[in-house]
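Enquirer: No letters, just coordinates:
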């Protein structure tokens with residue numbers, strides 16, 4: 001016949017098993033909620049109500065003869081518009097398009113006011129976040145000093161731009177960016193096939209050249225982009241953006257149009273990031289590195305902006321590299337060589353160990369575990385924006401109590417409070433973290449009456465050494481997109497040792513000590529598991545969190561079950577390096 005004690009043991013064991021199973025299942029729940037949350041705000045490319053907006057602008061004809069007429073910028077814009085027109089007709093997609101072209105053959109012009117009005121129409125019609133917006137512009141670029149602020153700024157040269165009054169007659173780049181950021185769409189691309197170097201598709205006034213020479217550093221600030229935005233530039237700031245008679249287009253635009261038809265990762269769809277990657281590599285090769293296209297992208301884990309085809313393999317994610325200087329790095333995924341970083345790489349959905357190595361000195365650039373969602377796009381910059389800091393040191397404040405009411409009533413009435421120090425090495429084995437914790441609880445003295453009305457004094461000393469293997473899952477809806485604030489679910493399980501010393505003194509009703517029991521410090525093996533969450537600020541290498549730990553141990557008390565169960569909630573702060 002099953003006794004009450006056996007039932008209590010079964011119940012306590014069940015609690016421990018439940019917590020241990022939860023520690024294993026929670027990562028899957030976190031992944032589910034991350035995906036559910038992402039699906040609530042990220043774009044569904046098959047939504048019938050969403051539209052694609054394409055504004056193409058090419059200016060080759062200028063009133064002021066200081067600006068040389070360009071050969072292919074108008075042709076660039078027409079070809080860009082035609083591609084999306086044909087794709088819309090082929091795929092029967094709803095599409096908004098507008099084309100502004102200024103060329104010498106037709107003697108037509110595009111002014112700064114024409115661009116502003118077109119952008120206003122685009123903004124007025126773009127009413128949904130799931131719309132795709134693509135703005136393309138090919139013309140001269142220039143740098144000019146704003147007479148009101150005295151600061152140098154970037155300007156887009158239009159047909160009516162006056163060489164002596166650039167700030168009043170051109171379209172300010174900052175104004176373009178302001179309108180672009182304000183668009184309702186959460187997936188938008190701005191492509192500028194222009195430059196500000198004074199060569200190629202750029203011309204600087206003599207005054208601007210003098211002011212630039214005076215600058216000790218950058219003469220304009222780096223652009224900021226929000227989640228789902230992509231800024232693409234045909235050249236870096238000190239490089240020319242070239243046209244080529246053989247290609248019949250601006251160099252970058254020619255290869256971008258080719259890239260629109262290149263499915264690099266064979267998933268059935270061509271994305272804007274994929275096309276840019278192709279165009280960047282081809283432009284660098286064609287110009288012998290005179291022109292290096294670049295991009296500002298915040299696409300970590302978001303749905304891609306598809307320009308051609310339909311995504312067929314939703315179980316594969318793709319990682320892009322936009323840093324030319326690091327294109328020679330080698331990539332390993334789960335210990336398998338994937339190639340060089342130059343063209344990016346694909347990876348199956350799930351959690352993977354990513355290791356990137358500079359082959360020139362065999363230096364490891366990053367080595368960390370990352371969870372990828374199928375059908376999403378990532379940039380390598382998101383993975384190495386902060387240095388690898390796999391070593392974690394946490395200081396914990398913990399309470400410790402027994403689950404058995406029998407033990408609490410007769411052996412350990414008071415909960416223990418202690419300090420713990422934990423070291424963890426992230427991703428030490430495959431994608432798992434491994435660590436160890438030492439917790440020292442305060443010595444507690446308990447005073448109680450026995451059945452015979454005598455008094456008993458008890459002193460308990462408890463130390464616990466535990467080890468664990470575990471993992472982390474990023475909670476995306478509680479983290480910032482740029483990873484400056486990360487919230488993670490954490491879990492771990494492993495063997496532990498509890499060191500326990502108990503001293504008891506019994507007193508007669510008159511207060512006389514009649515018996516003493518001083519036990520040796522004994523060690524009791526067990527298994528402990530924990531679940532919790534922590535918030536991390538990578539820029540300052542700090543983190544803090546809460547955890548709940550459960551343990552099962554061989555019994556340390558007389559007349560109790562062979563196993564005892566404990567619970568220990570804790571808070572912690574930590575540092576990583």
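Expert: Happy to help now that I have it. The structure presented is a predicted model; accordingly, all values stated were derived computationally and were not measured.
Enquirer: okay, CA-based contacts and neighbour counts for the rest of this
Expert: Fine.
Enquirer: partners of the host helix or strand of residue 353, with directions?
Expert: Counting by DSSP states H and E, the element that carries residue 353 is strand 350-358. Using DSSP bridges, the strands paired with strand 350-358 are strand 330-333 (antiparallel), strand 363-372 (antiparallel).
Enquirer: residues making contact with it?
Expert: Taking C-alpha atoms under 8 Å, 6 or more residues apart in numbering as the criterion, the residues outside strand 350-358 that touch it are 328-335, 363-374, 427, 430-431.
Enquirer: buried sites along stretch 471-490?
Expert: By neighbour count, with 16 or more other C-alpha atoms under 10 Å as the criterion, the buried positions of stretch 471-490 are 471-476, 479, 481, 483, 486-490.
Enquirer: what are the ranges of the helices in the protein?
Expert: When assigned using DSSP state H, the helices of the chain occupy the ranges 4-41, 73-91, 112-125, 166-169, 173-182, 206-214, 251-259, 272-286, 380-384, 405-410.
Enquirer: Domain map for the protein?
Expert: Domain assignment for the chain, taken from automatic domain parsing, gives 48-312, 313-385, 388-576.
Enquirer: Tabulate these (a markdown table), appending mean pLDDT.
Expert: What follows is the domains of the chain, written out as a markdown table (pLDDT from 0 to 100):
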| stretch | mean pLDDT |
| --- | --- |
| domain 48-312 | 85 |
| domain 313-385 | 85 |
| domain 388-576 | 87 |
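Enquirer: Near residue 246, how many other residues are there?
Expert: Around residue 246 there are 7 other residues, counting by other C-alpha atoms under 10 Å.
Enquirer: and the buried residues of stretch 471-490, which of them are in strands?
Expert: With strands taken from DSSP state E, the overlap with those comprises 471, 472, 473, 474, 486, 487, 488, 489, 490.
Enquirer: Give me whichever of the strands paired with strand 350-358 is most buried.
Expert: Neighbour counts averaged per stretch over the strands paired with strand 350-358 are highest for strand 330-333, at a mean of 20; criterion: mean count of other C-alpha atoms under 10 Å.
Enquirer: Ramachandran angles for the residue sitting furthest away from the middle of the chain?
Expert: No residue in the chain sits farther from the centre than residue 510, which is 69.7 Å out by C-alpha atoms, centre = their mean. The phi/psi pair for residue 510 (degrees, to the nearest 10) reads phi -80, psi 0.
Enquirer: so which of the buried residues of stretch 471-490 comes closest to residue 71?
Expert: Using C-alpha to C-alpha, residue 481 is the member of these that lies nearest residue 71, at 41.2 Å.
Enquirer: For the stretch 201-350 of the chain, which segments count as strands?
Expert: With DSSP state E, counting those that start in this stretch, the ranges of strands along the stretch 201-350 of the chain come out as 229-233, 243-244, 249-250, 269-271, 294-297, 306-309, 316-320, 330-333, 336-340, 345-348, 350-358.
Enquirer: thinking residue 69 is in contact with residue 58, fair?
Expert: No: counting by C-alpha atoms under 8 Å, residue 58 is not a contact partner of residue 69; they are 11.7 Å apart.
Enquirer: With neighbour numbers in mind, choose between the two.
Expert: Neighbour count, other C-alpha under 10 Å: between residue 69 and residue 58, residue 58 has more, with 28 against 20.
Enquirer: pretty sure residue 54 contacts residue 98?
Expert: Yes: between residue 54 and residue 98 a contact is recorded at 6.5 Å, counting by C-alpha under 8 Å.
Enquirer: More neighbours: those two, which one.
Expert: Using other C-alpha under 10 Å, the more surrounded residue of residue 54 and residue 98 is residue 54, with 23 against 15.
Enquirer: roughly how far is stretch 334-350 from the heart of the chain?
Expert: On the basis of C-alpha atoms, centre = their mean, to the nearest Å, stretch 334-350 is displaced by 17 Å from the centre of the chain it belongs to.
Enquirer: hang on, the earlier thing: would you mind putting the strands of the stretch 201-350 of the chain into JSON lines with distance to residue 170 alongside?
Expert: Rendered in JSON lines, the data for the strands of the stretch 201-350 of the chain read as follows (distance: least, C-alpha to C-alpha, whole Å):
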{"stretch": "strand 229-233", "distance to residue 170": "19"}
{"stretch": "strand 243-244", "distance to residue 170": "22"}
{"stretch": "strand 249-250", "distance to residue 170": "21"}
{"stretch": "strand 269-271", "distance to residue 170": "32"}
{"stretch": "strand 294-297", "distance to residue 170": "24"}
{"stretch": "strand 306-309", "distance to residue 170": "30"}
{"stretch": "strand 316-320", "distance to residue 170": "34"}
{"stretch": "strand 330-333", "distance to residue 170": "44"}
{"stretch": "strand 336-340", "distance to residue 170": "42"}
{"stretch": "strand 345-348", "distance to residue 170": "41"}
{"stretch": "strand 350-358", "distance to residue 170": "44"}
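Enquirer: which one of those strands lies closest to residue 279?
Expert: The stretch from the strands of the stretch 201-350 of the chain with the least distance to residue 279 (C-alpha to C-alpha) is strand 294-297; that distance is 10.1 Å.
Enquirer: So which elements touch the closest one?
Expert: Judged by 3 or more C-alpha pairs under 8 Å, 6 or more residues apart in numbering; DSSP states H and E, strand 294-297 is in contact with strand 229-233.
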